[in-house]
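Peer 1: Here is a sequence with its predicted model. Questions after.
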Amino acid sequence: MATTENTQGTSENAFNALKTWITDLFNLRDKDNATQKQTKEEIRKGIIFRGANLWILIFAILVCSVGLNVNSTAVIIGAMLISPIMGPIMGIGLGMGINDFQLIVKAAKNLGIAVLMSVLASAIYFWISPLDVAQSELLARTSPNFWDVLIAFFGGTAGIVAGSRKEKSNAIPGVAIATALMPPLCTAGYGLAEFNWEYFFGAMYLFCINTVFISLSTYIIVRLLKYRKKVFEKPEREAKVKRYVAILVVATIIPSLYTAFNVVRKTVFQQNTELFIKEVIKPTGVRVISKNAIYGRDLRELDLTLYGERLDEDQCELIKSLFKQRIGEHAILKINQGADVVGQDDLASMRDYMEEYRKNSTTAITRKDSIIVQLREELHRVKSNQFDVKEFSQEAQTIFPELTSFSISDNIFWSEEKEQMDTSVLAITRFKSKLSADDKTKLENWLKVKAKTQDIKLVVQE
């Protein structure tokens with residue numbers, strides 16, 4: 001009996017020790033935690049957008065716009081590190097968490113200013129820029145997916161946890177990069193400049209997703225850390241503010257859940273269409289040369305353009321039936337077939353050609369780039385060797401008073417040794433009297449320095 005009680009006691013102690021260790025391991029309110037006052041003040045300071053803070057935002061937007069314009073990931077990341085736009089978003093979450101309605105209004109007002117200035121600055125840049133082609137970095141911000149929701153939520157959570165520490169880590173810059181608040185605003189500016197409302201609203205939708213879920217994660221962590229709520233002198237005033245905050249929290253959570261649900265469904269639809277193409281379309285032997293998956297409230301449509309041996313009507317109907325079984329009864333599959341009159345030999349030749357082109361494309365591009373570099377270097381060299389004969393002659397006559405005539409130019413000749421065209425600098429001179437060997441050496445050395453080349457051919461006419 002005593003042995004059983006000892007065993008139970010040992011098990012209970014081990015469980016309690018494990019529980020204590022896990023609690024301590026994941027404890028957010030440890031000795032490294034900054035005071036609530038410090039964290040609140042830090043977030044409040046980042047809310048205001050005026051003066052230097054506003055200019056920093058505008059310059060960051062312009063840097064990000066340039067990065068999207070030239071498709072430079074490094075430049076876009078740099079712009080996201082510069083941007084101070086995280087401040088008011090976290091301010092909204094903090095205000096919801098501590099029942100500070102004035103803070104929420106202040107943060108929302110400044111966020112509105114930041115968004116307006118960002119979109120306008122970006123639109124002006126893209127309106128002026130001669131490069132108007134939407135690059136891949138820009139296009140990636142026009143259609144949000146479920147992973148953007150997760151990134152915004154977990155990124156915002158990491159941001160507020162890092163912000164509540166005494167020692168600030170590199171988590172905040174990392175959150176700015178991961179959640180990518182700047183590129184969607186720049187993409188919205190591009191859509192505005194080009195009057196492309198699909199890009200504009202798609203990018204603003206992505207920005208709203210990031211904003212809502214970062215604010216929501218900030219609110220959750222503030223409540224988990226049990227930050228003191230704002231105390232009001234009048235109970236009725238406190239009840240009114242709490243009611244406003246509760247409405248705002250619900251108004252934030254419900255649309256965010258709806259948004260997340262729709263984004264998940266859209267992502268699942270796109271993944272299912274990709275799987276359908278891989279498992280059903282490709283085994284028929286045709287090639288998919290374009291695809292467009294359209295997902296809407298009442299619409300699920302996949303538009304395919306196929307290339308290769310034409311599928312007959314029965315095959316098309318069977319494929320469409322399979323599509324409805326997998327995606328849903330209301331799903332629509334459109335099949336557009338090319339190569340109606342192309343023979344099998346032609347198709348095989350084209351496939352071989354495309355495969356060969358794919359394999360050799362990297363080598364061909366590298367070779368072309370090398371030729372371009374060589375041509376640029378040659379052009380630069382030729383341009384830099386356009387000598388000012390008068391200047392050379394006057395300076396040479398100062399050094400050699402006996403000089404009566406002088407000419408200098410590039411000389412192109414065939415090198416039998418190298419078996420290629422080559423160039424050198426040719427200088428032809430005439431003197432009143434015979435030039436000594438020392439003076440000739442001196443003249444050659446001066447020409448090498450003046451012409452900035454060691455390949456000098458000097459001719460002294462008698």
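Peer 2: Structure's in. What do you need? Numbers count the residues shown, from 1 in each chain.

Peer 1: rest of the way, CA atoms for contacts and neighbours
Peer 2: OK.

Peer 1: Tell me how far residue 303 lies from residue 334.
Peer 2: 5 Å (Cα to Cα, to the nearest Å).

Peer 1: Helix or strand with the lowest mean pLDDT in the chain?
Peer 2: helix 344-384 (a mean of 58; mean pLDDT, DSSP states H and E).

Peer 1: what's the very next helix or strand once past that helix packed up against?
Peer 2: Sequence-wise, the next helix or strand downstream of helix 344-384 (DSSP states H and E) is helix 389-399. Helix 389-399 sits against strand 403-415, with contacts defined as 3 or more Cα pairs under 8 Å, 6 or more residues apart in numbering; DSSP states H and E.

Peer 1: Run me through the strand neighbours of the next helix or strand after the strand it packs on, direction for each.
Peer 2: Going down the chain from strand 403-415, the next helix or strand is strand 420-431, by DSSP H and E. The pairing partners recorded for strand 420-431 under DSSP bridges are strand 403-415 (antiparallel), strand 456-461 (parallel).

Peer 1: who touches strand 420-431?
Peer 2: 402-415, 455-462 (Cα atoms under 8 Å, 6 or more residues apart in numbering).

Peer 1: which of those residues are buried?
Peer 2: Using 16 or more other Cα atoms under 10 Å as the burial test, the contacts of strand 420-431 include 403, 406-409, 456, 458 as buried.

Peer 1: so can I have a markdown table of those residues showing distance to residue 15 and pLDDT?
Peer 2: Shown next, in a markdown table, are the buried ones among the contacts of strand 420-431 (distance: Cα to Cα, whole Å; pLDDT from 0 to 100):
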| residue | distance to residue 15 | pLDDT |
| --- | --- | --- |
| 403 | 104 | 84 |
| 406 | 100 | 85 |
| 407 | 98 | 85 |
| 408 | 94 | 83 |
| 409 | 92 | 80 |
| 456 | 90 | 82 |
| 458 | 96 | 84 |
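
Peer 1: for those residues, which one is nearest residue 294?
Peer 2: Closest approach to residue 294 among those (Cα to Cα): residue 409, at 66.2 Å.

Peer 1: so that closest one touches residue 392, yeah?
Peer 2: No. Shown here, residue 409 and residue 392 do not form a contact pair, counting by Cα atoms under 8 Å, at 11.0 Å.

Peer 1: Reformat the buried ones among the contacts of strand 420-431 into a markdown table and put distance to residue 287 next to each item.
Peer 2: Putting the buried ones among the contacts of strand 420-431 into a markdown table (distance: Cα to Cα, whole Å) gives the following:
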| residue | distance to residue 287 |
| --- | --- |
| 403 | 77 |
| 406 | 70 |
| 407 | 67 |
| 408 | 63 |
| 409 | 60 |
| 456 | 62 |
| 458 | 67 |
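
Peer 1: What is the nearest of the residues you listed to residue 434?
Peer 2: Nearest member of those to residue 434, counting by Cα to Cα, is residue 403, at 10.4 Å.

Peer 1: Name the nearest residue to the closest one, ignoring sequence neighbours.
Peer 2: Closest residue in space to residue 403, ignoring its immediate chain neighbours: residue 431 at 4.4 Å, by Cα to Cα, 6 or more residues apart in numbering.

Peer 1: Please state the offset of the strand or helix carrying residue 55 from the chain centre?
Peer 2: Assigned by DSSP H and E, residue 55 belongs to helix 52-70. Helix 52-70 has its C-alpha centroid displaced from the chain centroid by 13 Å (Cα atoms, centre = their mean, to the nearest Å).

Peer 1: by contact count, what packs against it?
Peer 2: Under the contact rule (3+ Cα pairs under 8 Å, 6+ apart), helix 52-70 is packed against helix 73-82, helix 101-128, helix 136-139, helix 182-193.

Peer 1: Identify whichever of the ones you listed lies nearest to residue 209.
Peer 2: helix 182-193 (10.6 Å).

Peer 1: by how many degrees do that closest one and helix 101-128 diverge?
Peer 2: 60 degrees (axes from the mean of the first three to the mean of the last three Cα atoms, to 10 degrees).

Peer 1: Is residue 335 in contact with residue 310, as I believe?
Peer 2: No. Using Cα under 8 Å as the test, residue 335 is too far from residue 310 to be in contact (10.8 Å).

Peer 1: okay if I get the strands paired with strand 420-431 as TSV plus distance to residue 106?
Peer 2: Below are the strands paired with strand 420-431 laid out as TSV (distance: least, Cα to Cα, whole Å):
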stretch	distance to residue 106
strand 403-415	71
strand 456-461	74
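
Peer 1: Show me the one of these that comes nearest residue 298.
Peer 2: Closest among those, using Cα to Cα: strand 403-415, at 73.0 Å.

Peer 1: so which strand or helix has residue 329?
Peer 2: Going by DSSP H and E, residue 329 is not in any helix or strand.

Peer 1: circling back to that earlier point, out of the strands paired with strand 420-431, which gets nearest to residue 109?
Peer 2: Comparing the strands paired with strand 420-431 by Cα to Cα, strand 403-415 comes nearest, at 68.0 Å.

Peer 1: Give me the local confidence score for the residue nearest to residue 403.
Peer 2: Residue 431 is assigned a predicted lDDT (pLDDT) of 85.
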